[in-house]
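Asker: Need the 3D shape of this:
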Amino acid sequence: MAKEDTEIEVLSVPAPTMGIIGNVPSTMLNPRACVDCNNVVLRDGIVQTRPGYVAYGTEPPAGLTGILLLFFRYQKWKGQEYEMLATTTNVYYNKNGTWTSIASSLSGHVNTRASMAYIENYLVFTNGRNAPSKWNGSTWSALNAAHSGDAIDWGDYRPLIFLPFHFRLLGFNDNKTTTGAAIRIMYSHAGNFDKIDGESYSGYIEMTQGMGAKIVGAAPLLNYVAIYKDYCCALLSYIGGASTFAINVQIEGIGLAAKDAIANLGASHLFLGSDYNIYEWNGCTELNPIGNPIRKLLEAEVNKARINRSFAIVDIEQRQAIFFLPIDDDEYPTRMWIYNLDDKSWSKGTIAGISSGSSVTKAHVERLLLGTGPIVWDNKYECAVEPDADEWVLEGTDYSTSDGDILTFNTTADVANLGVYHMFPGVDLVGGFTVKFKAQVTSSVGDYPFLIGAYDGPHGKYFELFLKSDAVYHETTKICDFDTTDAYHIYRVYASGTTATLYIDGVEKGSWTLATGACGDAVTFGDNNAASSINILIDYLYYGFGDLDTPTGAASAIKHYDYEALTDDGTAISSEFETGDFVLDKEEHLIRNRRFFGLGLDLKGYSTSSKLTLEYSLDEGTSWDAVDVTAKTLTAAYALYNWDFMQTTRKVRFRFRDATSGQRWYLRFYGVKQKEGERV
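Answerer: Just a heads-up that it's a prediction; the model follows:
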């Protein structure tokens, strides 16, 4: 006979203090274990809905253009404070509530992003594509670009990062197309950031030390500059004299995944590693892998093709660091990983796609500003000017003329010389990439008269589309017969994985396998065959990451992370907290059932209208059932809420959730009532 069941009341389970580490079978959940959660934060032993965000000023700010890349605080000597914003097309300042344009017609990119720094009462700016610039609160101008003989100057470089260090301006990773040096470190004269000419110990060095092919990021760390390549971490120190700087590699094999994915705590950095873990580093020879509790979940869902769009924010007021990452097929970050700096716990959140964010303190008030990131074309060449006047790089002879609306590209008068234009956006054909153009062929000669190509160097894949008068080819393979001369037609090529597909006027015309082989990393158009010629009229040429058809997405907007907000700018915050499986200790749970008949929670709501739904799962979260079809209405003060149910099983887990607009809940502890059954 079975022994008589004994009623047991499981002790309360405090909030986790280490974050999400997977299933932990035990009679009472380990206080460091949390299987899953979303849009909650863990603070002082309490699980609560994370705060939301609201519009920051006019939404969207009047005249705001481009994709938002970076917020920054700039202060003049006289105390005037500015909130700065860089986008792909402009730089703005805000000092009295109005965002004002100061640098229109930029050609920035979300993959190179932007960098700002404060030095000698100036704001200095670079985005890796436009000439480095400075601003003193009234005048925006290029950094010194006056050549003296064979001397160099800032106009010769396109650094991705600017930092002041020992009275010099340092630039990291020269992205200029003609001289690109991804491991280059540029440095100005001492006491004159505007001058870099190879004299007075100014110029550049190449960071050949350490693993990796490029400098990804850099940030101040105590008396050093921490430099992150893609596979190492190093310290830059000032030594003076002709050598000027020393570089000491401290960490090999792990580097930085994204330029802005560094949370600077002053004495240490938290950063997203190139191995998809998050580390704390204080400059020594060891990393502290603080992301271990969430590493598997982070790596499983992150969009690796867009990980370079990740960024991190330090929220001093709330004592947390927030990492924003794109997941699944998202173009911009939609996942928040929130790290509590005090109890070292992790929680996660889901957020609408955003492209930028920063903690900007103005008038002693810390503001977390977020910039929405719509899915748009990465480049829209509208043919208003010739391509080389719009950042395209000309190779060969110039056969282009623009009437301000249509580009005429005509090589029929001279088929011997080549004329090709290149752009270098960091093409990713495997992750998804689209090229779209509107054109009409006037005449063509030969087999390869007009080329549209996209080349993915890292993956060794490319496509080359050729337009003739009567057909469209990929290399030597005909995709379709088509009259390209009768009118303007819209051609779109979408590449993903190993396949590219051609659409003409929205109709699919055929697919082919991407070509493979060593190649550069570029989008190209023009005539690259001396035996062929073309006369073609082009209305526009767009390209972008993802399967794009027409430019889509709402205009970029600025948000403010508000600790009192109960919604994300009017959208309900869907929050949930999931426990691990409640089972018997050790191996007994494999052969003995439990009879669960109640769950108690110590809860409160933001107001008397707050509600909470409880669900349970017997199959480790594969399916869920409501404990009570009616959600509990919470009070504004903590109270014990009991859910009564009956289940005989050897394991059960619970999920508390709410997705109602304008509500927030707080969970202080929970406990399970059950009876231990006989062996089976």
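Asker: can you pull out the helices in the stretch 251-400 of the chain?
Answerer: According to DSSP state H, counting those that start in this stretch, the stretch 251-400 of the chain carries its helices in the segments 295-301.
Asker: contact partners of stretch 636-648?
Answerer: The set of residues external to stretch 636-648 that reach it, using CB atoms under 8 Å, 6 or more residues apart in numbering, is 593-608, 612, 614, 616, 618, 627-628, 632, 634, 666, 668, 677. The C-beta positions use only the backbone N, C-alpha and C, and glycine is treated the same way.
Asker: For that stretch, list every residue counted as buried.
Answerer: Buried residues in stretch 636-648, defined by neighbour count with 16 or more other CB atoms under 10 Å: 638, 641, 643.
Asker: Among the residues you listed, which ones are in strands?
Answerer: 641, 643 (DSSP state E).
Asker: Which member of the buried residues of stretch 636-648 is positioned nearest residue 446?
Answerer: When those are ranked by distance to residue 446 (CB to CB), residue 643 comes first, at 76.8 Å.
Asker: following the helix or strand bottoming out on mean pLDDT in the chain, which helix or strand comes up?
Answerer: Per-element confidence for the chain was summarised using mean pLDDT, DSSP states H and E. The lowest value among helices and strands belongs to strand 7-9, with a mean of 43. Of the helices and strands lying after strand 7-9 in sequence (DSSP states H and E), the nearest is strand 36-38.
Asker: helices or strands up against that following strand?
Answerer: For strand 36-38, the packing partners by 3 or more CB pairs under 8 Å, 6 or more residues apart in numbering; DSSP states H and E come out as strand 346-350, strand 575-578.
Asker: Surely residue 492 forms part of a helix?
Answerer: No - using DSSP: H, G, I helix; E, B strand; the rest coil, the assignment for residue 492 is strand, not a helix.
Asker: That one and residue 380, how far apart?
Answerer: Using CB to CB, to the nearest Å, one obtains 14 Å as the distance from residue 492 to residue 380.
Asker: Those two: which has the busier surroundings?
Answerer: residue 492 (22 against 15; other CB atoms under 10 Å).
Asker: check contacts around the closest residue to residue 446 other than its chain neighbours.
Answerer: Setting aside the residues directly before and after it, residue 446 is nearest to residue 532 in space (CB to CB, 6 or more residues apart in numbering), at 2.8 Å. For residue 532, the set of contacting residues under the criterion of CB under 8 Å, 6+ apart consists of 415, 444, 445, 446, 447, 448, 449.
Asker: just to revisit the earlier point, could you export the helices and strands packed on strand 36-38 as CSV, including mean pLDDT, mean neighbour count and distance to residue 154?
Answerer: CSV is the format used below for the helices and strands packed on strand 36-38 (pLDDT from 0 to 100; neighbours: other CB atoms under 10 Å; distance: least, CB to CB, whole Å):
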stretch, mean pLDDT, mean neighbour count, distance to residue 154
strand 346-350, 88, 23, 40
strand 575-578, 86, 22, 48
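Asker: closest to residue 526 out of those strands?
Answerer: Checking the helices and strands packed on strand 36-38 against residue 526 by CB to CB gives strand 346-350 as the closest, at 43.6 Å.
Asker: Each with direction, which strands does that closest one pair with?
Answerer: Neighbouring strands of strand 346-350 in its sheet, by DSSP bridges, are strand 335-340 (antiparallel).
Asker: Touching the strand it pairs with from outside, list them.
Answerer: The list of residues contacting strand 335-340 from outside it, by CB under 8 Å, 6+ apart, reads 41-43, 50, 263, 270, 278, 290-291, 294, 298, 301-302, 319-327, 345-351.
Asker: next one: that strand to chain centre, how far?
Answerer: With CA atoms, centre = their mean, to the nearest Å as the basis, the distance from the averaged C-alpha position of strand 335-340 to the chain average is 14 Å.
Asker: can you start the count at 575 instead of 1 from here on
Answerer: Got it, first residue is 575 now, which makes that one strand 909-914.
Asker: bridging residues for residue 1017?
Answerer: Residues in a beta bridge with residue 1017, per DSSP bridges, are residue 1109.
Asker: Correction: the previous question concerned residue 809.
Answerer: On the basis of DSSP bridges, residue 809 takes part in beta bridges with residue 800, residue 822.
Asker: Quick check: closest non-adjacent residue to residue 1040.
Answerer: Nearest residue to residue 1040 in three dimensions, chain neighbours excluded: residue 1047, at 4.4 Å (CB to CB, 6+ apart).
Asker: measure that neighbour to residue 1084 for me?
Answerer: Here the distance between residue 1047 and residue 1084 works out to 10 Å (CB to CB).
Asker: domains of the chain?
Answerer: 581-623+1147-1253, 953-1119 (automatic domain parsing).
Asker: Go through those domains and name the closest to residue 735.
Answerer: Go through the domains of the chain one by one with CB to CB and the one that ends up closest to residue 735 is domain 953-1119, at 16.2 Å.
Asker: from the middle of its chain, how far away would that closest one be?
Answerer: Its chain's C-alpha centre lies 29 Å from the corresponding centre of domain 953-1119 when counted by CA atoms, centre = their mean.
Asker: Can you give me the end-to-end span of that domain?
Answerer: 10 Å (CA to CA, to the nearest Å).
Asker: One more: stretch 883-891?
Answerer: The separation between the terminal residues of stretch 883-891, taken as CA to CA, is 25 Å.
Asker: Go ahead and build a PyMOL selection from the buried members of the contacts of strand 909-914.
Answerer: This is how PyMOL selects the buried members of the contacts of strand 909-914, with burial counted by 16+ other CB under 10 Å:
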select buried, resi 615+616+617+624+837+844+852+864+865+868+872+876+894+895+896+897+898+899+900+901+919+920+921+922+923+925
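Asker: for the record, mean pLDDT for stretch 942-953?
Answerer: The pLDDT scores in stretch 942-953 average 78.
Asker: my bad, stretch 696-711
Answerer: Averaging pLDDT along stretch 696-711 yields 92.
Asker: and what of stretch 1118-1129?
Answerer: The average of the pLDDT scores along stretch 1118-1129 is 62.
Asker: same thing with stretch 893-903?
Answerer: Looking at stretch 893-903 alone, the average pLDDT works out to 92.
Asker: And stretch 679-686, by the same measure?
Answerer: Stretch 679-686 shows an average pLDDT of 79 in the prediction.
Asker: now do stretch 1044-1055
Answerer: Computed over stretch 1044-1055, the mean pLDDT rounds to 93.
Asker: now do stretch 740-750
Answerer: Average pLDDT, stretch 740-750: 92.
Asker: just checking, residue 767 touches residue 691?
Answerer: No - counting by CB atoms under 8 Å, no contact exists between residue 767 and residue 691, whose distance comes to 9.1 Å.
Asker: Kind regards, and thank you for your time.
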